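Colleague: here's a sequence, model it:
(3 chains)
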Amino acid sequence: MLDHLTYAAPQPKVIQGAKSDWELVIGLEVHAQIASKAKLFSGASTEFGAEPNSNVAFVDAAMPGMLPVINEFCVAQAVRTGLGLKAAINLRSAFDRKNYFYPDLPQGYQISQLYHPIVGEGEVIVDMGPGIARRVRIERIHIEQDAGKSIHDMDPNMSFVDLNRTGVALMEIVSRPDIRSPEEAAAYVAKLRQIMRYLGTCDGNMQNGNLRADVNVSVCKPGDYERFMETGDFSHLGTRCEIKNMNSLRFIQAAIEYEARRQIAIIEDGGTVVQETRLYDPDRGETRSMRSKEEAHDYRYFPDPDLLPLEIDQAWVDDIAAAMPELPDQKKARFVKDLGLSEYDAGVLTAEVENADYFEAVASGRDGKMAANWVINELFGRLNKEGLTIATSPVTAAQLGGVIDLIAKGDISGKIAKDLFEILWTEGGDPAAIVEARGMKQVTDLGAIEAAVDEIITANPAQVEKARANPKLAGWFVGQVLKATGGKANPAAVNALVAQKLGL
Amino acid sequence: MTKPNSLTIAEAREALRKGDLTSIELTEACLTAIEGAGALNAFVHCTPDMARDMARAADQRIRAGEATAMTGIPVGVKDVFCVKGVPSQAGSRILQGFTPEYESTVTRNLWDAGAVMLGKLNQDEFAMGSTNESSCYGPAVNPWRGPGGTQLTPGGSSGGSAAAVAADLCLGATGTDTGGSIRQPAAFTGTVGLKPTYGRVSRWGVIAYASSLDQAGPMTRTVRDAAIMLGAMASADPQDSTCADLPVPDFEAALTGDIRGKRIGIPREYRVEGLPDAIDALWRRGAEMLRDAGAEIVDISLPHTKYALPAYYVIAPAEASSNLARYDGVRYGYRARLSQGDGITEMYEKTRAEGFGPEVQRRIMIGTYVLSAGFYDAYYNRARKVRALIRRDFDQAFAAGIDSILAPATPSAAFPLGSVDKGDPVQMYLNDVFTVTLNLAGLPGIAVPVGQDAQGLPLGLQLFGRPFEEGDLLNQAQVLERAAGFVAKPDRWW
Amino acid sequence: MSITEDQARKVAHLARIAVDDAALPALARELGSILHFMEQLNEVDVAGVEPMTSVTPMRLKRRKDQVTSGSMADRILSNAPDAREGFFAVPKVVE
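Modeller: Residues are numbered from 1 along each chain as shown, chains lettered A, B, ... in the order given. Below you'll find the model as predicted:
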């Protein structure tokens, strides 16, 4: 089982440049929208998709005289996330203003936490294969306001501003530069997403922009990274560039690949990489420089005088910790240990907490491996095919459990069970009742089966000869008996009887 | 027969209660006075219809026996307060056309108490100034005139409020005080101005200048009136994170008139070099009056006093530079006319250059500079440490048994409009030398008119009090007021 | 501490306030004299002193996670110099 004492770190990815080998060094700042009903400092709704400027309070529009008051639930969500990442919770934190001008930033500053963030150091273990994982250290998590949205393509001369998202609570999760490949970076974001969805602190909807990442990429020669880790001296590493606002795992990987090669090409050509902010263009598959942000570096951070320092009790933090749900790694370990599942299957089942909950309901009081097989292969397969999720599954956990019970009792065979599943999927109903009503029960009466076998054997003497010569052809008889019994004869019994009657 | 608009709040309250006067009569008297006082340029947005509606409603309440202390009392509101449906510009062109869709907590409290809104009062732009000369409406004029009829400044930034109260245009006015903007104009106009403890009064809906220094307060003709009006203005407020969750005491009930045994500190550092003899004499006389009333006068030291002014001029502009970033022409107020090809940056830069006056621009830039990379520690952080030391000076004095502190309010009487050299901003800043310490320390303070200078112009003194003990402070101030017996009124020349 | 014209120009831009080149020398002088005035603060011994962060000694107020505002786009837009189709319209922002 994946225990940070027993896994091995993955080999860092090596890119072959024109002149030498190169390695990557990657750090991420993930912005996760806190799942809450109202915004961080105002009472406006955070719901997605509202009419423009309708989820906006006077505070969010930075009207004259407006003042912020903090939403305590958002703080709790940040603490919960910190605990989920095994991080230190800072009982005293404070808010700072980050000052810059942009039309979707009405105040002319963003309320953030520079000097005293609410969460300190933690870690995330990112599975990269059996026995292999990357340990990514978390440097800090802080809470801050999100900005609004500016639309630039509705008019040739004007930009349009919608403040619905302004003031929504964000967590910024800052990693140390521990990530060494594009795949690890995507897996890290996926793992963070999974943990936060388990905790209910962020819905991880990347399409809506609720989870986005700023990716810092630099390249170095093999050996340089180890020197950096030993000394803490950043001069061993290359100049890094930041690729902003990535909201797709696939694009994160592609962007890192492109950016690393871009930097390698510059260096091998004798040039220097300029430290800058870039954007990924998915249509072109390349990153390009964001020129307007170059001057915005002097943010003039200072403590927000409209807010006092945030002080929370250890007791309050302990209450949150006590009520934490089981985390993905814990759940996966439990499935492997207690239910005997393979790591791979446990991983598939725990990828989303709703799926894991469904599986546990099915597995409760039943054979875990059989439950896993049915949930993964039959249910998930069908859900994927029809573009459905567990939430919209036509077959409930109780129904699926009922199917498994019937198999275990011997009432139906595996093949009939699949037919039953199909009926439940398209028509619904109670599994046992359906089996009764449609006479789907397995025939286990050996006398009846024997009679059927005898009939087939008698009717097909030529086949009998062939089968005696080539025992593999006995299967034909089995198939015929099953067909004759409408699939209800117990296959194992048929097999045995056919073999016996043919003298094999 | 005293004109109704010349009554104090306490007197009017009595007359209303007895039925000798109605709020509508009182309000009409004020409106008439305002109409005839255009030369003072105190009121900049009048709301006569609203006033009459509110007066009629107040009269009903009074008749029904449901009046409070401020019911039916006509007041003026400094332009910096957002009053729903009424232009609220904080004296600035950049808020031209802005009409709030919400009501500030302070004015909400006043209207809930039944007070009557006469209109908005002139002020220095964004409360930055000590002369009310930086207003987009033009200067307010002191009802007191200099020799030969020279027009004088009423002080600032609450110049319009002070002028209106002194000229009997309203019975009381709201002001705000960030570096002395209630107390100094009160002293210049012979009226009473109270800056409560920071956090006593809500800042929600008050257009912000410097968040950690701004505080709203009453400006009235008497100390009793200030106690009455503060009682109506103050409240806890869940919408303001810096407003204390404290119940509002009955400030008027604290006016016992008895200050025997109170220890009043005289801070030696306030005896600044070049202090005019008239001010010094007034200060000594004030101390004697309090001693005669049974207080003990104690020499104290507030060693970091001289650093208050430079600390203030780092902290206030720094906070202001950030608070005023929202005035960008995007969502409300003034937006500059743009040329072909102008983008968002040009819009910001032109809007703010045309919308803000020179003093506001100067303070925004100073604030931007002191917060900028490389200077944060040298200026802003250092100033906040000095601020902590200034606060500590007061804490130590109070811990040693001092109940209040007596100091001059201003380094002179009101001076002529236009006399401050616009090219030398520091000269103007020196006006705040006696007042800024209180804002930095967050303590309550009150200016009381005590005497007149050789030209007959009013001079005031300040009393500083302990945090959240405005009642006790008002009591001592009233004793001083009584002993001083200042009753002079300006000749009506307007 | 004196301010150069170039520094004055940079500060003006950081503050998004247009200043004519002709006005820069006077601005630099004014800013310089104000900064000079502040330098008195350097005389103070601030060793070991914590910067004053909050004036009111109290616990930071909290709100409950409830939707208590919004659904008033018209009031939010009512003071806008240029509002179109429910948005604030501004001159094009170049990214």
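
Colleague: next SSE after the helix or strand of chain B with the lowest mean pLDDT?
Modeller: Taking mean pLDDT, DSSP states H and E as the measure, helix B:425-429 is the helix or strand of chain B with the lowest mean score, a mean of 74. Next helix or strand after helix B:425-429 toward the C-terminus (DSSP states H and E): helix B:436-441.

Colleague: so where's the longest helix in chain C?
Modeller: Of all the segments of type helix in chain C, defined by DSSP state H, the longest one is helix C:24-38.

Colleague: quick check: buried residues in that helix?
Modeller: By 16 or more other CB atoms under 10 Å in any protein chain shown, the buried positions in helix C:24-38 come out as C:24, C:27-28, C:30-35, C:37-38. C-beta here means a position set from N, CA and C on the backbone, and glycine is covered the same way.

Colleague: quick one: residues contacting the nearest residue in space to B:Ala400 that is not next to it in sequence.
Modeller: Of all residues beyond its chain neighbours, the one nearest B:Ala400 is B:Ile300 (7.8 Å), with distances taken as CB to CB, 6 or more residues apart in numbering or on different chains. Contacts were defined as CB atoms under 8 Å, 6 or more residues apart in numbering or on different chains; by that measure B:Ile300 touches B:265-268, B:397, B:400, B:402, B:405.

Colleague: show the subsequent helix or strand relative to whatever helix or strand B:Ala308 lives in.
Modeller: Element membership of B:Ala308, judged by DSSP H and E, is helix B:308-323. As assigned by DSSP H and E, the chain's next helix or strand after helix B:308-323 is helix B:344-355.

Colleague: ok, residue 90 - how many residues close by?
Modeller: Picking chain A for this. Summarising burial for A:Asn90: neighbours were counted as other CB atoms under 10 Å in any protein chain shown, giving 21.

Colleague: chain C is the one I meant
Modeller: The local packing of C:Val90 (other CB under 10 Å) involves 25 other residues.

Colleague: quick one: contacts for the residue lying closest to it once chain neighbours are set aside?
Modeller: Spatial nearest neighbour of C:Val90, excluding adjacent residues (CB to CB, 6+ apart): A:Pro103 at 4.9 Å. Listed by CB under 8 Å, 6+ apart, the contact set of A:Pro103 reads A:150, A:159, A:161, B:328, B:330, B:344, C:88, C:90, C:93.

Colleague: for the helix or strand hosting B:Ala15, give me every contacting residue.
Modeller: B:Ala15 is located in helix B:9-18, with elements delineated by DSSP H and E. The set of residues that contact helix B:9-18 without belonging to it, under CB under 8 Å, 6+ apart, is B:2, B:4, B:7, B:21-23, B:26, B:62, B:67, B:69-73, B:171-172, B:220-222, B:224-225, B:228-229.

Colleague: among those residues, which are in strands?
Modeller: For the contacts of helix B:9-18, membership in strands holds for B:172, B:220, with DSSP state E as the criterion.

Colleague: among the contacts of helix B:9-18, which ones are buried?
Modeller: Among the contacts of helix B:9-18, those classed as buried by 16+ other CB under 10 Å are B:4, B:7, B:21-23, B:26, B:62, B:67, B:69-73, B:171-172, B:220-222, B:224-225, B:228-229.

Colleague: from the residues you listed, which land in helices?
Modeller: Secondary structure from DSSP H places B:23, B:26, B:62, B:224-225, B:228-229 of the buried ones among the contacts of helix B:9-18 in helices.

Colleague: can you put the residues you listed in TSV and add distance to B:Arg56 and pLDDT?
Modeller: TSV is the format used below for these (distance: CB to CB, whole Å; pLDDT from 0 to 100):
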residue	distance to B:Arg56	pLDDT
B:Ser23	8	97
B:Leu26	12	98
B:Ile62	11	96
B:Arg224	27	98
B:Asp225	23	98
B:Ile228	22	98
B:Met229	22	98
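
Colleague: closest one of those to chain A?
Modeller: Within those, proximity to chain A (CB to the nearest CB) peaks at B:Met229, which comes in at 20.1 Å.

Colleague: with adjacent residues omitted, what lies nearest to that closest one?
Modeller: Distances taken as CB to CB, 6+ apart put B:Pro218 closest to B:Met229, at 3.6 Å, once the chain neighbours are dropped.

Colleague: so what strands line up beside the host helix or strand of the one you found?
Modeller: Secondary structure assigned from DSSP H and E places B:Pro218 in strand B:216-220. On the basis of DSSP bridges, the sheet neighbours of strand B:216-220 come out as strand B:172-176 (antiparallel), strand B:192-195 (antiparallel).

Colleague: who's in contact with the last one?
Modeller: If I follow you right, that is strand B:192-195. Contact with strand B:192-195 is made by B:158, B:162, B:175, B:177, B:182-183, B:185-187, B:215, B:217-223, B:225-226, B:230, B:438-439, B:444-449, B:470, B:474, B:477, B:481, as judged by CB under 8 Å, 6+ apart.

Colleague: and it, which residues are buried?
Modeller: The neighbour-count criterion (16+ other CB under 10 Å) identifies B:192-195 as the buried residues of strand B:192-195.

Colleague: and chain B, is the helix-or-strand element of chain C with minimal mean pLDDT touching that?
Modeller: In chain C, no helix or strand scores lower on mean pLDDT, DSSP H and E than helix C:24-38, which sits at a mean of 90. Yes - judged by CB under 8 Å from any CB of the partner chain, helix C:24-38 comes into contact with chain B at C:26-27, C:30-31, C:33-35, C:37-38.

Colleague: for the stretch 1-150 of chain A, what lies in contact range of chain B?
Modeller: For the stretch 1-150 of chain A, the residues in contact with chain B (CB under 8 Å from any CB) are A:58, A:61-70, A:97, A:99, A:101, A:103, A:106-109.

Colleague: correct me, but A:Tyr358 touches A:Trp374?
Modeller: No - under the criterion of CB atoms under 8 Å, A:Tyr358 is not in contact with A:Trp374, lying 11.2 Å apart.

Colleague: burial count for the residue nearest to B:Met229?
Modeller: Other residues within reach of B:Pro218, judged by other CB under 10 Å, total 33.

Colleague: now it: how far from B:Leu110?
Modeller: Going from B:Pro218 to B:Leu110 by CB to CB, to the nearest Å gives 10 Å.

Colleague: which neighbours do the two have in common?
Modeller: For the pair B:Pro218 and B:Leu110, residues contacting each of them under the criterion CB under 8 Å, 6+ apart are B:174, B:233.

Colleague: surely A:Met196 touches A:Gly82?
Modeller: No - A:Met196 is beyond contact range of A:Gly82, at 11.1 Å (criterion: CB under 8 Å).

Colleague: give me the spatial nearest neighbour of B:Cys136, chain neighbours excluded.
Modeller: B:Arg93 (4.3 Å).

Colleague: let me see the contact set for the one you found.
Modeller: B:136, B:334, B:354-357.

Colleague: highest neighbour count among those residues?
Modeller: The most neighbours of any of the contacts of B:Arg93, using other CB under 10 Å, belong to B:Phe356, which has 26 neighbours.

Colleague: residues in contact with the host helix or strand of A:Ile416?
Modeller: Counting by DSSP H and E, the element that carries A:Ile416 is helix A:414-427. Contacts to helix A:414-427, defined as CB under 8 Å, 6+ apart, come from residues A:378, A:382, A:394-395, A:399-400, A:403, A:406-407, A:412, A:429, A:431, A:434-435, A:438, A:440, A:442, A:487-488, A:491.

Colleague: re earlier: partners of the residue nearest to B:Met229 in the sheet?
Modeller: B:Pro218 forms beta bridges with B:Thr174, as assigned by DSSP bridges.

Colleague: doesn't B:Gly175 make contact with it?
Modeller: Yes - under the criterion of CB under 8 Å, B:Pro218 is in contact with B:Gly175, at a separation of 7.5 Å.

Colleague: residue contacts, residue 61?
Modeller: By default, I'm working from chain A. By CB under 8 Å, 6+ apart, A:Ala61 lies in contact with A:106, A:163, A:166, B:331, C:76.

Colleague: not quite, go with chain C.
Modeller: Taking CB under 8 Å, 6+ apart as the definition, contacts of C:Lys61 comprise A:69-70, B:238, B:241, B:245.
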